[in-house]
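1. Sequence plus predicted model, see below.
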Amino acid sequence: MSGSLNNIYNNVSYALYLHSVEMIRLQEQVTTGSRINRPSDDPSCSYRVLTLNSQEKSLGNYINDLSEAVGTLDLSFTVIQDIQSAIVETKVRLTQVMGGIYNEENREQLAEGINDTLEKVVSLANTKHIGQYQFGGNNTKSAPYLVERTNGKITSVTYQGSLENREIEVAPGIKSSALHVGYDIFHSDDRSDPVFLGDTGAAAGSGTSSVKGDAWLTVTDDGGGSYDLSIDDGATKVNVAAEVLAGANIANIAVTNASGEVLYVDATNISSTGVDMVSVPGTYNIFDTLISVRDLLRNERELSDAQLRELQDNSLTVLDEINELIVQAEVTIGSKIGFLDNLKESLEKLKYDAEDEATLLQEADIAQIAIDLSRREVLYQMSLSIAGKLMSLSLLDFIG
């Protein structure tokens with residue numbers, strides 16, 4: 001008898017306990033609004049939710065990186081547009097000079113304007129954003145362009161940034177860069193044969209010269225019936241007769257400057273002294289071009305009007321070359337912005353889908369829970385009523 005009562009008591013107590021546990025679980029779901037509050041609530045769904053949350057976090061990081069990359073590219077695009085505007089303005093001014101609109105005094109003022117443009121372009125090329133230089137490639141800590149000045153005026157601009165891009169992963173398996181190698185944007189690298197502009201009779205040799213942009217070939221009489229050649233204003237000289245005596249080909253004499261750059265000259269038809277400007281198409285950069293235009297307007301070499309006009313006409317061609325470089329950079333950056341924007345939208349959709357699926361798995365159906373909770377409460381009350389009757393059994397109930 002005692003054993004039977006104990007069994008009844010234990011069974012009733014356990015049943016009430018199960019009811020209370022389930023009611024507590026349902027009440028917790030109502031309070032939190034979540035169907036899964038701990039892994040044990042639904043191990044399979046819990047694992048899926050954890051996977052989705054991890055995916056959502058990873059996608060969020062990619063989206064943040066993309067937003068930063070697009071912002072950086074937008075800034076670069078604006079900078080390059082400003083530089084292109086400066087090039088177009090310079091070309092317009094030079095065209096006006098060639099049309100005779102400016103007198104000598106006006107040309108000096110215009111040269112100052114070109115100098116201001118040069119200062120602006122250098123500043124833009126050294127743009128820094130979020131602690132990183134935009135146009136230094138993989139080297140983002142130091143300014144990519146080093147300036148040398150003479151009497152306060154820029155005479156040389158040297159690229160000291162990296163020639164490699166810094167790439168970041170912007171999506172699983174996809175890498176891109178938001179920073180740029182300035183040398184690839186502002187410098188042309190499609191060397192053609194040198195073009196000699198002048199009256200000395202010098203011409204391009206057959207060797208591959210290493211000078212870039214514009215060079216000035218100075219031809220002077222050596223006093224012995226031959227000529228000295230120099231491309232650094234006489235700092236270093238090459239004597240034509242001496243070179244020929246040493247076995248050099250007069251049609252391909254190497255003239256080297258103090259920096260080690262070489263210009264191969266065909267001296268066969270040199271007939272007079274003077275200064276020739278040597279233009280090397282496909283090797284110009286925006287900075288040296290602006291320096292050259294500024295110095296031409298000042299005419300510090302005291303060139304004749306005919307020479308000036310020829311050189312200014314060549315400068316227009318060079319400005320077109322530089323402008324084409326800048327336009328190509330604009331197109332490239334614009335395309336990259338479009339690609340990254342589209343990629344960002346795709347990742348945002350994937351992130352939304354992951355969030356939505358995780359929410360559906362976790363979110364409690366309040367209406368269904370209310371029904372289940374009501375049912376459980378009824379069952380609990382019925383269980384309590386039955387338990388009360390069972391617990392009131394005594395020995396007398398079993399007699400008779």
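-> All right, it came through fine.

2. all helices of this structure, in order?
-> For the chain, applying DSSP state H gives helices covering 2-32, 43-98, 104-125, 182-186, 240-245, 286-298, 305-362, 366-391.

3. any idea of the angle the third one forms with helix 305-362?
-> By that I understand helix 104-125. Interaxial angle, helix 104-125 versus helix 305-362 (axes from the mean of the first three to the mean of the last three C-alpha atoms, to 10 degrees): 30 degrees.

4. hmm, who's touching helix 104-125?
-> Contact with helix 104-125 is made by 79, 82-83, 86, 89-90, 93, 97, 102, 135, 144-145, 147, 153-154, 157, 182, 186, 286-287, 290-291, 293-295, 297-299, as judged by C-beta atoms under 8 Å, 6 or more residues apart in numbering. C-beta here means a position set from N, CA and C on the backbone, and glycine is covered the same way.

5. from the chain's centre, how far out does that helix sit?
-> Offset of helix 104-125 from its chain centre (C-alpha atoms, centre = their mean, to the nearest Å): 28 Å.

6. Check the average confidence over it, would you?
-> When pLDDT is averaged over helix 104-125, the result is 90.

7. longest single strand anywhere in the protein?
-> strand 213-221 (DSSP state E).

8. got a list of contacts for that strand?
-> 194, 196, 198, 200, 202, 227-231, 233-234, 237, 255, 261, 263, 265, 270, 272-280, 283-285, 288-289, 292, 301, 318.

9. Out of those residues, which end up buried?
-> 194, 196, 198, 200, 202, 227-231, 237, 255, 263, 265, 270, 274-280, 283-285, 288-289, 292, 318 (16 or more other C-beta atoms under 10 Å).

10. Can you tell me which of these end up in strands?
-> If you go by DSSP E, the buried ones among the contacts of strand 213-221 have 196, 227-230, 255, 263, 265, 274-280 in strands.

11. related to what we said a few turns ago, give me the buried subset of the contacts of helix 104-125.
-> Using 16+ other C-beta under 10 Å, the buried ones in the contacts of helix 104-125 are 79, 83, 86, 90, 93, 97, 102, 135, 144-145, 147, 154, 157, 182, 186, 286-287, 290-291, 293-295, 297-299.

12. Name the residues linked to residue 264 by a beta bridge.
-> residue 254 (DSSP bridges).

13. what's it in contact with, if anything?
-> 194, 204-209, 252-255.

14. Can you check the pLDDT for it?
-> So, for residue 264, pLDDT stands at 96.

15. coming back round to it: any quick PyMOL command for the buried ones out of the contacts of residue 264?
-> To isolate the buried ones among the contacts of residue 264 in PyMOL, judged by 16+ other C-beta under 10 Å, type:
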select buried, resi 194+204+205+207+209+252+253+254+255
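
16. quick one: which of the contacts of residue 264 is nearest to residue 23?
-> residue 208 (89.5 Å; C-beta to C-beta).

17. low-confidence ranges in the stretch 251-400 of the chain?
-> Counting by pLDDT under 70, the stretch 251-400 of the chain has low-confidence residues at 359, 362-370, 372-373, 378, 380, 383, 386-400.

18. picking that back up, now render the helices of the chain as TSV, adding distance to residue 214.
-> Below are these laid out as TSV (distance: least, C-beta to C-beta, whole Å):
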stretch	distance to residue 214
helix 2-32	75
helix 43-98	14
helix 104-125	15
helix 182-186	16
helix 240-245	23
helix 286-298	5
helix 305-362	8
helix 366-391	79
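
19. Minimum distance to residue 167: which of these has it?
-> Smallest distance to residue 167 across the helices of the chain (C-beta to C-beta): 10.4 Å, for helix 43-98.

20. angle of that closest one against helix 286-298?
-> Using the same axes, to 10 degrees, helix 43-98 lies at 20 degrees relative to helix 286-298.
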